[in-house]
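[1] one predicted model, sequence on top.
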Amino acid sequence: MEKYSYIANSEAAYIEDLYQKYLQQPDSVDLSWQRFFEGFEFSAKYGENKPKLNGNGAAPVAEAPISASHTRKEMEVVHLIRGYRQRGHLMSQTNPLGPRKNRYPELDLKDFNLAESDLETVFEAGIEVFGRAAKLREIVDALRKVYTEKVGFEYQYIRDRRAKSWLRKKIEQEYLNFTPTIEQKKRILEKLNDAVTFENFLHTKFLGKKRFSLEGGEATIPALDVVISRGAELGVEEVVIGMAHRGRLNVLTNILQKPYEQVFNEFEENVELDEFSDGDVKYHMGYESQVETPAGKAVSLKLMPNPSHLEAVNPAVVGYVRARADEHYSHIEGQDKYDPVLPILIHGDAAVAGQGIVYEVTQMSNLPAYYTGGTLHFVINNQVGFTTDHEDDRSSIYCSDIAKIVDAPIFHVNGNDPEAVAFVMKMAIEFRQEFNRDVFVDMVCYRKYGHNESDEPRFTQPTMYSKISQQLNGRDLYLKMLTERGELDAQIADQMKAELEGELQDLLQKVKQKQLPYKRPKLERDWAELRRSVPEDFEKSPVTGISKEVIDKVGKALTNLPEGFKALKQIEKVIEERKQIFAGEKPLNWSAGELLSYGSILAEGKTVRMTGQDIQRGTFSHRHAVLHDTETNANHNSLAFIEEGQGKFEIYNSLLSEYGVMGFEYGYAMANPHALVIWEAQFGDFVNGAQIMIDQFIAATESKWNAMNGLVLLLPHGYEGQGPEHSSARPERFLILSAEYNMYVCNITTPANYFHMIRRQLALPFRKPAILMSPKSMLRHPMAVSPLSDFAEGTSFQETIGDSFAEPKKVKKVLLCTGKLYWELLDKQQKDNRKDVAIIRVEQLYPFPKKQIDAYLAQYKKAEVLWVQEEPENMGYWSFILREFPEIGLGKVIARKASASPATGYMKIHAKEQAELIEQAFS
């Protein structure tokens, strides 16, 4: 009925209009109105005012009229029911620390032209709640119990009628009559005890150490336990969790069953690090395990590692889940491949409201490129962000309001009522499995201490912490609740408490018994077969050339169109040129070399996944990987038609996001070692928007997270007069982050070298991220082409390329350069016939190919060596070259002057600077 919410307190004329629409076409009104009108008509015919029949059962003589006043009140009762469904959450008792701020829900009887005197009147509108007529008092009592007690339900904005009806039934029938069994209560109590005992022990044993405790939000543990147990019953086999610090150690031990002694060793820092790992603080690290639910179901759990950048882990989680679904469950007939893999994102209230990445990931959730079957979002709502009150950290009423952009339901629940928490979590996982879409649970609680255990929260929230100091812990509060309700007498409660508390050693033993031997899924077994790199691996790249047979297969796919496919004239020219290229009549241009690299990997049965803004066509209209019929707009993905049994080619134009999309692809590449995963920026500088992913995840994959990742970043780069925004992909930033062989940073000059760089990603016995300063103008440069022989068997990536034009004995000057600038220097060298100047291309900046450069320079022993770059002197590669190759000598650089901005915004100035730079290099 959301379409008609504006009539909530209106006159009956509006309802009459609805009724007339219903008479003409019942489906034209909301299902709840249909039911109401059905009940209304039933009452008119067969209720107290039913017509009197004669002795022969003939037609009625007359009908008693229905009072207009009662009719209006019937409508108002419908409005009242509707009002509770829409606004009941505004007066729900979800804050464990006291009454909520008055949000003026306007749900009094007088707001609907009803009075206390109407409470004993029977209204047909009761069919809306009970499926039958009911007294107004009964209706109001039920609505208050459902919508205004310890749970606030928000779902009326959802436009999917089936989903909304499903939710309404769950809320108004199941929750109205919800009573957990004794066994369920004991399970809740047990999980609360686990949470409380763990925190108490850490607090006494490691006094003053940061642990970001869960105290105040202990119901998180039974909440996750319910999701995992109920999810397993509904077919969930894997759960992937992303969360920040608070409660992380508790989740690790009491949900993932990480051994206590392992956590204690991390507190004592009794850990061994391998050669490539510096590690991270204990409340950042990930873990994986397999647990058994009370029903005997085995579930694999993974908690993703994450940095202090709150919510940054979110896209990595959903990307990881997508890869697992694609690889593990896409071939099971009759099963939605996303149902067995559940992503759970655990947020803080300030972060979910304040971090833009949450919006990006939420917006991505239903897009074909990023769909994962729905994420369960769980907010540990501490009602404060570090020291900032919620009045100062958001404009919205709720921190979870972002859910409404994708019609995800929101359940606000009082964290001091673990039974209510358990119910909404059960409902949340059932909703996700039924509708495969996002769902949000906002558990309103508090944190017992400050931002960390050594912080003093009373500096900024004295009154809040005065209330918090009077709160019982979650376990003792629940024991008190059970005892007061008479469901467990005091003696049984005390007995359970003693049994559950025990000694830490008993708990430790219990954890060991619960945890199953971890069975690696296929992808993890594949990761285990890889090894870590050693310095010798970077002296020469492996052979990555392919056979003529594979080249022909891929070439055929790239030049064939489906029968009847109507292509643009420009595309017809592209196809004709491809035919000439693969017939050996022309060398391969950038597009052909690039698509050949992807096609050759697909032909090996491996996955190629590529996303970014406008990548199907290519920002610079060079790629044309996906073609469009001019008449039907039907798509043709050329590389999906190489041969039977080939790998899957996923290439998607992304939403206008860098941070979220790059994070998703990082997560995908983290899951699947056999997938070539690429993210391309529309322009290289757009990568700035995802710098957190680069700093915290990509560059630090091995060092911080003790993991490998083969993600490729294509960052269009080159000074072509397009201004400061679209000239530089900021190579200096990546080079600053380069150390310990953590990633490849390249700026290459030929299609063949691109081909080999891409194939190298999966040919190595390890995985490394690869960053490419990708070309723009060079995509169509007549010299930036490669013969078919450069792709043939036995060929490989060239970290450096020497000079074949200069005469070594005459050479007085050697120019070291990288990328697009080489072709401009070559043009000058050729035109002026400068046999005395040699140009050496450094195609790979990191790991720096020092031995190869030394070998080239040995030919020119008396020559001056210069580094030439088009970037300003304080940017680009020069500082890095000095670090890696000090032999080149200080000051020997040709570059634009040091600048605060990457480039000028004026074409004339750019052209003048570029010409002077080239002239200076040869002067």
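    Sure thing, it's come through. Numbers count the residues shown, from 1 in each chain.
[2] helix or strand next in line after the helix or strand of the chain with the lowest mean pLDDT, which one?
    Least confident helix or strand, the chain: helix 504-514 with a mean of 56, by mean pLDDT, DSSP states H and E. As assigned by DSSP states H and E, the chain's next helix or strand after helix 504-514 is helix 522-529.
[3] buried residues in that next one?
    For helix 522-529, the neighbour count (16 or more other C-beta atoms under 10 Å) marks 523, 524, 527 as buried. No exception for glycine: its C-beta is placed from N, CA and C like everyone else's.
[4] and it, what other elements does it pack with?
    When contacts are defined as 3 or more C-beta pairs under 8 Å, 6 or more residues apart in numbering; DSSP states H and E, helix 522-529 packs onto helix 313-328.
[5] next SSE after the helix it packs on?
    strand 341-348.
[6] from the centroid of this structure, which residue is nearest?
    Nearest to the geometric centre of the chain sits residue 315, at 2.2 Å (C-alpha atoms, centre = their mean).
[7] need the buried residues of helix 522-529 in TSV (columns: distance to residue 876 and pLDDT).
    Converted to TSV, the buried residues of helix 522-529 look like this (distance: C-beta to C-beta, whole Å; pLDDT from 0 to 100):
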residue	distance to residue 876	pLDDT
523	38	79
524	40	82
527	35	87
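[8] between these, which is closest to residue 553?
    Nearest to residue 553, judged by C-beta to C-beta, of these is residue 523 at 27.1 Å.
[9] hmm, that closest one is touching residue 324, no?
    Yes: under the criterion of C-beta atoms under 8 Å, residue 523 makes contact with residue 324 at 7.0 Å.
[10] find residues that contact each of those two.
    residue 671 (C-beta atoms under 8 Å, 6 or more residues apart in numbering).
[11] in what helix or strand does the residue nearest to residue 369 when sequence neighbours are not counted lie?
    Nearest in space to residue 369, with sequence neighbours left out and distances taken as C-beta to C-beta, 6 or more residues apart in numbering, is residue 652 at 3.5 Å. Residue 652 is located in strand 649-653, with elements delineated by DSSP H and E.
[12] the residue nearest to the centre of the chain: what's it in contact with?
    357, 360-361, 364, 659-664, 666-667, 693.
[13] which among the residues you listed gets closest to residue 778?
    Proximity of the contacts of residue 315 to residue 778 (C-beta to C-beta) peaks at residue 662, which lies at 23.5 Å.
[14] neighbours around the residue nearest to that closest one when sequence neighbours are not counted, how many?
    Nearest residue to residue 662, sequence neighbours excluded (C-beta to C-beta, 6+ apart): residue 690, at 4.2 Å. Using other C-beta atoms under 10 Å, residue 690 has 25 neighbouring residues.
[15] wait, isn't residue 690 in contact with residue 659?
    Yes: using C-beta under 8 Å, residue 690 is in contact with residue 659, at 4.6 Å.
[16] which other helices and strands does whichever strand or helix holds residue 441 contact?
    Residue 441 belongs to strand 439-444 when assigned by DSSP H and E. Contacts defined by 3+ C-beta pairs under 8 Å, 6+ apart place strand 439-444 against helix 220-233, strand 376-381, strand 410-414, helix 418-435.
[17] contacting residues around the first one?
    Taking C-beta under 8 Å, 6+ apart as the criterion, the residues outside helix 220-233 that touch it are 187-188, 191-192, 194-195, 214, 236, 239, 241, 247, 250-251, 254-255, 291, 293-295, 297-299, 301, 342, 344, 346, 376, 378, 380, 418, 421-422, 425-426, 428-430, 433, 441, 443.
[18] using PDB, write out every CA atom in it.
    Extracted C-alpha coordinates of helix 220-233, given in PDB (Å, rounded to 0.1, in the frame of the first residue of the first chain):
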ATOM      1  CA  THR A 220      26.500 -10.500  18.800                       C
ATOM      2  CA  ILE A 221      27.700 -14.100  19.500                       C
ATOM      3  CA  PRO A 222      24.300 -15.800  19.800                       C
ATOM      4  CA  ALA A 223      23.200 -13.600  16.900                       C
ATOM      5  CA  LEU A 224      25.900 -15.000  14.600                       C
ATOM      6  CA  ASP A 225      25.300 -18.500  16.000                       C
ATOM      7  CA  VAL A 226      21.700 -18.300  15.000                       C
ATOM      8  CA  VAL A 227      22.500 -17.200  11.500                       C
ATOM      9  CA  ILE A 228      25.100 -19.900  10.900                       C
ATOM     10  CA  SER A 229      22.900 -22.700  12.400                       C
ATOM     11  CA  ARG A 230      19.700 -21.600  10.600                       C
ATOM     12  CA  GLY A 231      21.700 -20.800   7.400                       C
ATOM     13  CA  ALA A 232      23.100 -24.300   7.400                       C
ATOM     14  CA  GLU A 233      19.600 -25.700   7.600                       C
END
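[19] next structured bit after it?
    Toward the C-terminus, helix 220-233 is succeeded by strand 238-243 as the next helix or strand (DSSP H and E).
[20] show me what whatever helix or strand comes next after that following strand is packed against.
    Remark: after strand 238-243, the chain's next helix or strand is helix 248-254, criterion DSSP H and E. Identification of packing neighbours for helix 248-254 by 3+ C-beta pairs under 8 Å, 6+ apart yields helix 182-205, helix 220-233, helix 260-268, strand 298-303.
[21] can you give me the end-to-end span of stretch 787-798?
    In stretch 787-798, first residue to last residue: 15 Å (C-alpha to C-alpha, to the nearest Å).
[22] could you pull out the buried residues of it?
    788, 790, 791, 795, 796, 797, 798.
[23] ditto for stretch 623-632
    Neighbour counts over stretch 623-632 (16+ other C-beta under 10 Å) mark 623, 624, 625, 626, 627, 628, 629 as buried.
[24] ok, back up a step: redo the buried residues of stretch 787-798 as TSV? Include distance to residue 722.
    As requested, those are exported to TSV (distance: C-beta to C-beta, whole Å):
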residue	distance to residue 722
788	33
790	30
791	31
795	34
796	33
797	29
798	29
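[25] JSON lines for those, including secondary structure?
    As requested, those are exported to JSON lines (DSSP: H, G, I helix; E, B strand; the rest coil):
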{"residue": "788", "secondary structure": "helix"}
{"residue": "790", "secondary structure": "helix"}
{"residue": "791", "secondary structure": "helix"}
{"residue": "795", "secondary structure": "coil"}
{"residue": "796", "secondary structure": "strand"}
{"residue": "797", "secondary structure": "coil"}
{"residue": "798", "secondary structure": "coil"}
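[26] of those, closest to residue 99?
    Taking C-beta to C-beta as the measure, residue 99 sits nearest to residue 797 out of those, at 67.0 Å.
[27] now the stretch 401-550 of the chain, which segments are flagged as low pLDDT?
    451-454, 490, 492-493, 496-518 (pLDDT under 70).
[28] which stretches in the stretch 801-923 of the chain count as strands?
    813-817, 837-842, 844-846, 864-872, 893-896 (DSSP state E, counting those that start in this stretch).
[29] out of these, flag the one nearest residue 638.
    Comparing these against residue 638 with C-beta to C-beta, the closest turns out to be strand 844-846 (29.5 Å).
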